[in-house]
Structures are given as C-alpha cells and as structure tokens.
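Trainee: Next comes the sequence, and after it the predicted model I'd like to discuss.
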Amino acid sequence: MRVVLFKLNHLGDNVAFVPAVQALRRSFPEWELTVLTTPNAAGLYGGPLGPHEILECPKRAFDKSYRRPWELARWIWAVRRRRPGACLVAFDQSNAAHAAARFSGAAVRIGGNLGRIRVGRSLTEDIPVPDDSRPATWNWRMARALARAFGGGADWPDFPPPPDLRHLLEGASGPAGARRRVVVHAGASRELNQWPPQKFASVASALSRDFDVFWVEHGTGAAAAPPGAVAAPVATLAGLAQRLAGADLFLGNNSGPMHLANALGCPGVAVTGPTASGWDPYWNRDRWTALRHPNLHCAPCERLTAPVSGCANHASPMACMAYWTEQMVEEACRLRLGRAGGRTP
C-alpha cells in the first residue's frame, strides 16, 4: 500500500515529525511511504527508516498553489497518480495539502486541523491537540491513529522517541581538543523569534575565554564570527548535524537548529520569547534550559493553534526578548556546561 505524508514546513517542524515516519516504516515495512516536504528538511528523512520517496517543494510555493488552480491541480495529480491507500496530513499544513489529500483517492485520511482549512471533508479522522500541546506528541498520535486504522499501533508508547538521525552523521570525525565546545547559531526562521545577533556575539566572545566557541555561518545574511569565536560555515544539513552532535552546548534561538541539536542529544540554552511553550525542547529535557520571561503577562503570546505575526505589547515591544541580557544568557550557558547532565570532554 502507498501512504502519502504531508509535512511542508520549516526544519524544526520536520524534526518533530521524523519519529512518526520512522515508526510507520518500522511497523509496516511493506508500505511504500511518500513524504512531501521542503528542500531544507528533506535530508532528515534518510537512513534505513526513511520513506521510499521524497517529493520536495518550498513551503511558500506549495501553500500558494491553492490560489493558482493550475499549480494545485499538478500537485493533486502528482499525489493521485500514486494511488495512495492512506494520507497523513500534519496539523500545520495548508489548504493545498488538504486539497491534495482530499482528492487523492485515499479512503483513509488522518491528520490535524487548526481550524483555518477551507477544504471540506479533507480528513476522515481529525486527531485533536494533545494535552501537552506538543507538536511532536501530536504528530506521533496522528501516525499511531493511522497505524491503528490498519491493525497496528497497539504497542506504540504515548510519546515518541528521538528521531534516528545517524545517517546525517556518517563520516563525521570525533571531537578534538581539551576544552569543551559551544556551537552558537544566532538565526531563526522568523524575526519575531530572534534575540539580537549582536547579543549572541557578545556572549560567544565571553564564553570563548574558557571554551572553544564555533559560530555557525548559514545563509546569505549570516553575521560574521565575533572576536574569540571560530567561524563555522555550514553548507548542508549533514554538516550542521555533525557540528551539533560534537558539541557540549548549543546556544541559539528557538529555531530549527535548536530542535536538531535537541534531537541529537546535545545540551543547550535557547533564548525563547513569543514562541508557544509547546515548542520548548522536547527530548533530553534535563540537558536544556529554555529562557522564558518569568512573569510577563502577555508571554508567550503564540499558541500552537494560533501563531502570531507581530508583537501586541505596544507599551513595551518585544519585552519577552529584551528581558534577557548578555550576562544572564552567559550565566545560563556556564551553569549548563557545569552540570553533571552535560557532556564531558
């Protein structure tokens, strides 16, 4: 049987989805799985537990196809001609994904719906938001419902294990040097989620007095490495994973690289502002510090079911991010590096 899974979104969203795909592959080795995802996340789905086929499209282009009938028809046909017996539509997917599933010919269509979908009867079973409001949990329960629809899933636990990403680490060299290593990634997919890069640079320089600090340079707008830090250009997803897997601490925003570091078992500190609390590090929680304003009335303003596009605190814009000083973040990093839960050189 062919099963088509829709997950066209950013890197971190896909990290939270990989365990569901791997569990389906493990439980139903005879199924032929097709995953629709974005080019920057496609590499997550490699290895022996990856799908048989990956279809790639930039998120924005795929989502906008709903407004361009000829493009949407092309995607509907691409899915339909694979004759799927089932579809899984992740909770964060667009009208285009729901339309492609609705007209795929699949008798079973399981997923989540944030309430903004205008495609009627796109799902045959709608999985509600879990009590913990965690995307990884939600993805997992959708996949478990799909497995149960075909007589499986009885032995699935309530919560997903970390994804198996060993395929990204093939050929990686072991750590070198006597000092602990800190990887700093100052970017984020949305400006709203980004602590100022110059503040990350200040923390990186301060930490470089006692640790080897690597400043990840990724994307055309990446800031240059600050004094004391080593520039670490990353051209591929595997390169980023290998850099993170060999680190003793990740420092960054609540971002895709943060979720990748978390899944790989790297300890970390994440500066977190408006992001929904469900997006805090999911695995290895004893190794992570999510810095959130302790008592701001409006934070976090984002909800898993209601993303935000701007700050509504007009009296003190972005107070949730401005609260964190370089000294506070540096202290959190040093405390995390000194805990027994962190890695040793």
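Mentor: Good, I have the coordinates. Treat the numbers as computed from the prediction; the structure is a model and nothing was measured.
Trainee: give me every residue that touches Arg38.
Mentor: Not quite, residue 38 is Thr, not Arg. Thr38 is in contact with 8-10, 14, 56-59, counting by CB atoms under 8 Å, 6 or more residues apart in numbering. All C-beta spots, glycine's among them, are computed from the backbone N, C-alpha and C.
Trainee: ok, now Cys301?
Mentor: With CB under 8 Å, 6+ apart, Cys301 has these contacts: 274, 308, 311-313.
Trainee: do Lys199 as well
Mentor: 324-326, 329.
Trainee: and it, what helix or strand is that in?
Mentor: Remark: Lys199 resides in helix 197-207, with elements defined by DSSP states H and E.
Trainee: quick check: mean pLDDT across that helix?
Mentor: The average pLDDT within helix 197-207 is 96.
Trainee: again with stretch 77-89
Mentor: 98.
Trainee: what do you get for stretch 297-307?
Mentor: Rounded mean pLDDT across stretch 297-307 is 78.
Trainee: do the same with stretch 3-15
Mentor: Here the average pLDDT along stretch 3-15 is 97.
Trainee: And for stretch 28-46?
Mentor: 97.
Trainee: Can you give me the domain assignment for this structure?
Mentor: Domain assignment for the chain by automatic domain parsing gives 2-161, 176-338.
Trainee: looking at these, which is closest to Leu169?
Mentor: domain 176-338 (5.6 Å; CB to CB).
Trainee: Check the offset of the closest one from the chain's centre.
Mentor: How far domain 176-338 lies from its chain's middle: 14 Å, per CA atoms, centre = their mean, to the nearest Å.
Trainee: can you redo the contacts of Cys301 as TSV with distance to Arg166 and secondary structure?
Mentor: TSV is the format used below for the contacts of Cys301 (distance: CB to CB, whole Å; DSSP: H, G, I helix; E, B strand; the rest coil):
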residue	distance to Arg166	secondary structure
Pro274	34	coil
Val308	36	coil
Cys311	40	coil
Ala312	43	coil
Asn313	43	coil
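Trainee: Most neighbours among the residues you listed, which one is it?
Mentor: Among the contacts of Cys301, the one with the most neighbours (other CB atoms under 10 Å) is Pro274, at 24 neighbours.
Trainee: need the helix or strand of this protein with the lowest average pLDDT.
Mentor: Using mean pLDDT, DSSP states H and E, the weakest-scoring helix or strand in the chain turns out to be helix 319-322, at a mean of 86.
Trainee: Now do the next helix-or-strand element following it: everything it contacts.
Mentor: Going down the chain from helix 319-322, the next helix or strand is helix 326-338, by DSSP H and E. Helix 326-338 has contacts (CB under 8 Å, 6+ apart) with 180, 182, 195, 199, 202-203, 206-207, 211, 248-249, 251, 267-269, 271, 287-289, 291, 342.
Trainee: I'd like to know which of the contacts of Lys199 is nearest to Ala261.
Mentor: Closest to Ala261, out of all of the contacts of Lys199 and judged by CB to CB, is Val329, at 16.1 Å.
Trainee: Please tell me how far that closest one sits from Pro19.
Mentor: Separation of Val329 from Pro19 (CB to CB, to the nearest Å): 30 Å.
Trainee: Do a quick rundown of the strands in the protein.
Mentor: 2-7, 32-37, 53-56, 86-89, 108-111, 125-126, 181-185, 212-217, 230-233, 249-253, 268-271, 288-291 (DSSP state E).
Trainee: can you put these in CSV and add distance to Met142 and mean neighbour count?
Mentor: Formatted as CSV, the strands of the chain follow (distance: least, CB to CB, whole Å; neighbours: other CB atoms under 10 Å):
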stretch, distance to Met142, mean neighbour count
strand 2-7, 9, 25
strand 32-37, 14, 23
strand 53-56, 19, 16
strand 86-89, 6, 28
strand 108-111, 6, 23
strand 125-126, 9, 14
strand 181-185, 29, 26
strand 212-217, 32, 23
strand 230-233, 36, 14
strand 249-253, 27, 26
strand 268-271, 26, 28
strand 288-291, 25, 20
